[in-house]
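> 3D model of this:
(chains A and B)
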2 protein chains.
Amino acid sequence: MAAIVGAGMIRFGKFPDRYIEDMGAEACLNALEHAGMGHKEIQAAFVGNVGQPPNAGQRILDEIGLSGIPTFNHENACGSSSAAFRDAFVAVSSGLFDRVLVVGAEHMSRRIKGLIPIEDGTNIQFDMGLVMPSVFALMGMRHMAEYGTTREQFARISVKNHRHGALNPYAQYQKELTLEEVLQSPMIADPITLLQCTPIGDGASAVVLTSDREAGRYTTKPVYVRASVFTAGRYKKGTGAATIESCVRAARQAYETAGIGPDDLDVIELHDCFTVHELIATEDLGLCPKGEGGRLVDEGATALGGRIPVNPSGGLLSKGHPLGATGVAQIVELVWQLRGECGKRQVPGARVALAHNGGGIGPGLEPAAMSITILSR
Amino acid sequence: MAAIVGAGMIRFGKFPDRYIEDMGAEACLNALEHAGMGHKEIQAAFVGNVGQPPNAGQRILDEIGLSGIPTFNHENACGSSSAAFRDAFVAVSSGLFDRVLVVGAEHMSRRIKGLIPIEDGTNIQFDMGLVMPSVFALMGMRHMAEYGTTREQFARISVKNHRHGALNPYAQYQKELTLEEVLQSPMIADPITLLQCTPIGDGASAVVLTSDREAGRYTTKPVYVRASVFTAGRYKKGTGAATIESCVRAARQAYETAGIGPDDLDVIELHDCFTVHELIATEDLGLCPKGEGGRLVDEGATALGGRIPVNPSGGLLSKGHPLGATGVAQIVELVWQLRGECGKRQVPGARVALAHNGGGIGPGLEPAAMSITILSR
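Numbers count the residues shown, from 1 in each chain, chains lettered A, B, ... in the order given. Next up is the predicted model:
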């Protein structure tokens, strides 16, 4: 087992003058301060990022005066820092290390406008135009056809997450949106409009993970890792286009490992790269039966104050999505939620939390990486 | 503990028409065939590469019909697949998985001519011209000044490794060189001439790693992982410019873990990105006292037939160095050596082997990543 004793991030946004190194370092220092731990106590680092020059983790550590420790750089598209978290969890819970940093960091705004560029020849589906928003648009259309889900239901997810983000000082966008604004923003790939897409941004996040026995040295409020599942999409076998099989499978495994079910969850951070993904993931995580994701939105169950708040941070849509930083940033938010440190966006009395993070496009248009983490006080 | 039950690679070379996916897949199939294992038995994959588009590991696995398993992509510059090997070793020896693939793959020849391009702003030392050959040239000069090492001694390492490579059907260059040819090739950074630099190339490598108890199901000749140390360079503290502190430290830790010393080694694959690196590493690994690396070369101790053969495969200089493929390719060669499967370049009766792999430039111009692996029959 392992516990998180410190969590920190920087506000996500567009910072053309910053670099991954200084953003990552600031997030590390915030997490170490939160843990009350000196940087020299750290024994290893697991760092997620996408497409930065080599050894980004080592360069980040340089900036906090930390050298000479094992430093692993993980890439798994939007799930990069969740992959880092997973390997860190295995290393700590196997007894190899007692105190490690897990870091996510990404700088996108200097390099990317609009779609994430993917080199031709990498994926014939991308070359044909089946880029990220198109994939989720197709799933959304299928969901509409099968279950009568409406454009308004998708759009309301963006309204909700921006309402949450407006309460989060770490969010890239702290501005509420109306349903009309979301629906009338430019159409990207029907039913997904511009304001239902996660923005381009920069940011960094970090947590300090310790063995159970070390946790008590640093905090009276450790957050325990109850399950950490990391897997990949697989060739579909008739599970249908309106569900993400790797999410269903990973969630089932995580619930089993943690010995809980979806009803035991108090708060969720979820990979809402597009509104369609949030709607489908709420079903695949078992928060409601398949096809009822739209009703869940209409009922406000996933809003702050609802039965099971989803993305109180604002999610990827409002808090932002600097690819490599996202997985650990979800965990940062949940650690703060479980410690009751979230101010206006706090889910009262949260005790059990789940983070859901996907990465890339794999076989059958399933995510190449799928991570589910369950945390508890 | 863990054991390697299969090892495979493709011949390194320049393959402008190939992609990382099909090269990686071929190496995986070779390793699986060597193990007598079906691909569906694999439970997870750890894949090293540098600077490819996201999720390279998943795309490689796609090509052998393997999906739905945890797939970790590791980046650590020239030490990328050694980082993957290290995390795979931790996952297997902690009991998490029984059968995993560790893969290294890289395509460079379409993108790179000459120096590896590093984006300006990544490293002020690179921006100032302190690129890879320059760093090792400075170390070589210092070694010459401190110990009287000669240009001929450095050059003889390239002659030796090309003589070895000429015996290796997997080597990019299978051609012997004379001392004169090496010395008279164009000067890159004194004392390093062109034929003392590792070439640009493409390739892939893979091993099947299993738990101890599973190994016997697949082979009567398992190769055991006796130590796997992965660390990073640290700020220098007067250790001097003619030694690589992270290598000394990692080797010491590896010998201690394995319960052996350098005298117990029968064969070594070592990171000879430049001849200077091989000479210094032979000292830092304890094969001879500091300053006597040149004499070791002159005596032929590190040549096939000598006291402790280094780089029987031809090393990076002759076998080639497709960055992400290198770490696992070293392990492939050593597995074959320990099983007596190396034909003309076989080190007779080899029982204990060491792989040494560095990656990137970290603090104080030390490697950002340093990996030492000890294997035995």
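> which strand or helix spans residue A:272?
Here residue A:272 sits in a region with no helix or strand, counting by DSSP states H and E.
> what does the stretch 251-377 of chain A put close to chain B?
Within the stretch 251-377 of chain A, the positions adjacent to chain B are A:359-364, A:368-369 by CB under 8 Å from any CB of the partner chain. Every residue, glycine included, has its C-beta placed from N, CA and C.
> how about these in CSV, adding distance to residue B:110 and secondary structure?
As requested, these are exported to CSV (distance: CB to CB, whole Å; DSSP: H, G, I helix; E, B strand; the rest coil):
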residue, distance to residue B:110, secondary structure
A:359, 25, strand
A:360, 22, coil
A:361, 23, coil
A:362, 24, coil
A:363, 25, helix
A:364, 29, helix
A:368, 23, coil
A:369, 26, strand
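> tell me the two of the residues you listed that are most distant?
The largest separation in those, counting by CB to CB, is between A:359 and A:364 at 15.3 Å.
> these two: which is more packed in?
A count of neighbours by other CB atoms under 10 Å in any protein chain shown puts residue A:359 above the other of residue A:359 and residue A:364, at 34 against 16.
> residue contacts, the residue lying closest to the more buried one once chain neighbours are set aside?
Spatial nearest neighbour of residue A:359, excluding adjacent residues (CB to CB, 6 or more residues apart in numbering or on different chains): residue A:79 at 2.7 Å. Neighbouring residues of residue A:79 by CB atoms under 8 Å, 6 or more residues apart in numbering or on different chains: A:230, A:327, A:357-360, A:367-371.
> just the CA atoms of the helix or strand hosting residue A:102, as CSV, please.
Assigned by DSSP H and E, residue A:102 falls within strand A:99-106. Extracted in CSV, the C-alpha atoms of strand A:99-106 (Å, rounded to 0.1, in the frame of the first residue of the first chain):
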residue,chain,number,x,y,z
ARG,A,99,9.2,8.6,-0.6
VAL,A,100,8.8,9.5,-4.2
LEU,A,101,7.6,12.4,-6.3
VAL,A,102,5.1,11.9,-9.1
VAL,A,103,5.0,14.8,-11.5
GLY,A,104,3.1,15.8,-14.6
ALA,A,105,4.2,18.7,-16.7
GLU,A,106,3.4,20.0,-20.2
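> near chain B at all, that strand?
No: no part of strand A:99-106 sits near chain B under the criterion CB under 8 Å from any CB; the closest distance found is 11.9 Å.
> not counting sequence-adjacent ones, nearest residue to whichever residue of the stretch 51-200 of chain A sits closest to chain B?
Closest residue of the stretch 51-200 of chain A to chain B, CB to the nearest CB: residue A:68 (2.7 Å). Counting by CB to CB, 6+ apart, residue B:234 is the residue found nearest to residue A:68 once chain neighbours are left out, at 2.7 Å.
> doesn't the one you found belong to a helix?
No: counting by DSSP: H, G, I helix; E, B strand; the rest coil, residue B:234 is not part of a helix but coil.
> OK, contacts around it?
A:67-69, B:245-246, B:362-364, B:366.
> strand partners of the strand holding residue A:102, parallel vs antiparallel please.
Strand A:99-106 pairs in its sheet with strand A:44-48 (parallel), strand A:203-211 (antiparallel), by DSSP bridges.
> how about the ones you listed, which one is nearest residue A:62?
Closest among the strands paired with strand A:99-106, using CB to CB: strand A:44-48, at 11.3 Å.
> and the closest one, how far out from the chain's middle?
When distances are taken as CA atoms, centre = their mean, to the nearest Å, strand A:44-48 is centred 17 Å away from the chain's centroid.
> send the alpha carbons of that strand over as CSV?
Presented in CSV, the C-alpha positions along strand A:44-48 are these (Å, rounded to 0.1, in the frame of the first residue of the first chain):
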residue,chain,number,x,y,z
ALA,A,44,13.0,8.6,-6.9
ALA,A,45,10.8,10.5,-9.3
PHE,A,46,8.3,9.4,-11.9
VAL,A,47,7.5,12.1,-14.4
GLY,A,48,4.8,12.2,-17.2
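> hmm, who's touching it?
Residues contacting strand A:44-48 (CB under 8 Å, 6+ apart): A:24, A:56-57, A:60-61, A:66, A:69-76, A:80-85, A:87-88, A:91, A:97, A:100-105, A:324-325, A:327-328.
> can I get the very next helix or strand once past it in CSV, CA atoms only?
Following strand A:44-48 in sequence order, the next helix or strand is helix A:56-62 (DSSP H and E). What follows is helix A:56-62, C-alpha atoms only, in CSV (Å, rounded to 0.1, in the frame of the first residue of the first chain):
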residue,chain,number,x,y,z
ALA,A,56,12.4,16.3,-18.9
GLY,A,57,12.1,14.8,-15.5
GLN,A,58,15.8,15.2,-14.7
ARG,A,59,15.6,18.9,-15.9
ILE,A,60,12.7,19.6,-13.6
LEU,A,61,14.5,18.0,-10.6
ASP,A,62,17.6,20.1,-11.4
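> contact partners of helix A:56-62?
With CB under 8 Å, 6+ apart, helix A:56-62 has contacts from A:20-21, A:24-25, A:28, A:45-47, A:49, A:67, A:69, A:71-73, A:101, A:103, A:105, B:122-123, B:232-233, B:360, B:362-363, B:368-369.
> how far away from the center of its chain is that helix?
22 Å.
> so residue A:222 makes contact with residue A:5?
Yes: shown here, residue A:222 and residue A:5 form a contact pair, counting by CB atoms under 8 Å, at 5.7 Å.
> looking at the two, which is more packed in?
Higher neighbour count among residue A:222 and residue A:5: residue A:5, with 26 against 21, using other CB under 10 Å.
> and residue A:336, how far from chain B?
27 Å (CB to the nearest CB, to the nearest Å).
> now swap in residue A:211 and tell me
According to CB to the nearest CB, residue A:211 stands 13 Å off from chain B.
> quick check: closest non-adjacent residue to that residue.
Spatial nearest neighbour of residue A:211, excluding adjacent residues (CB to CB, 6+ apart): residue A:98 at 4.7 Å.
> quick one, which of the strands paired with strand A:99-106 gets closest to residue A:171.
strand A:203-211 (10.2 Å).
> distance from the chain centre to that closest one, please.
14 Å.
> what of stretch A:137-155?
23 Å.
> what does stretch A:270-277 give?
On the basis of CA atoms, centre = their mean, stretch A:270-277 sits 10 Å off its chain's mean C-alpha point.
> check stretch A:261-269 too.
Using CA atoms, centre = their mean, the offset of stretch A:261-269 from its chain centre is 15 Å.
> which parts of that stretch are buried?
Using 16 or more other CB atoms under 10 Å in any protein chain shown as the test for burial, stretch A:261-269 gives A:265-269.
> I'd like those as JSON lines, with pLDDT and distance to residue A:1 appended.
Below are those laid out as JSON lines (pLDDT from 0 to 100; distance: CB to CB, whole Å):
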{"residue": "A:265", "pLDDT": "98", "distance to residue A:1": "19"}
{"residue": "A:266", "pLDDT": "98", "distance to residue A:1": "20"}
{"residue": "A:267", "pLDDT": "98", "distance to residue A:1": "21"}
{"residue": "A:268", "pLDDT": "98", "distance to residue A:1": "22"}
{"residue": "A:269", "pLDDT": "98", "distance to residue A:1": "21"}
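> which one of those residues is nearest residue A:188?
Lowest distance from residue A:188 to the buried residues of stretch A:261-269 (CB to CB) belongs to residue A:269, with 23.6 Å.
> burial measure for the closest residue in space to that closest one that isn't next to it in sequence, as a count.
Among residues not flanking residue A:269 along the chain, residue A:330 sits closest, at 3.8 Å (CB to CB, 6+ apart). Neighbour count for residue A:330, taken as other CB under 10 Å: 31.
> now, the most widely separated pair of the buried residues of stretch A:261-269?
Once CB to CB is applied, these give A:266 and A:269 as the farthest pair, at 11.9 Å.
> overlap in contacts, the two.
Applying CB under 8 Å, 6+ apart, one finds that residue A:266 and residue A:269 are jointly contacted by residue A:353.
> tell me the SS of the residue of chain A most remote from its centre?
Taking CA atoms, centre = their mean, the residue of chain A most remote from its mean C-alpha position is residue A:68, at 29.4 Å. Here residue A:68 is recorded as coil under three-state DSSP.
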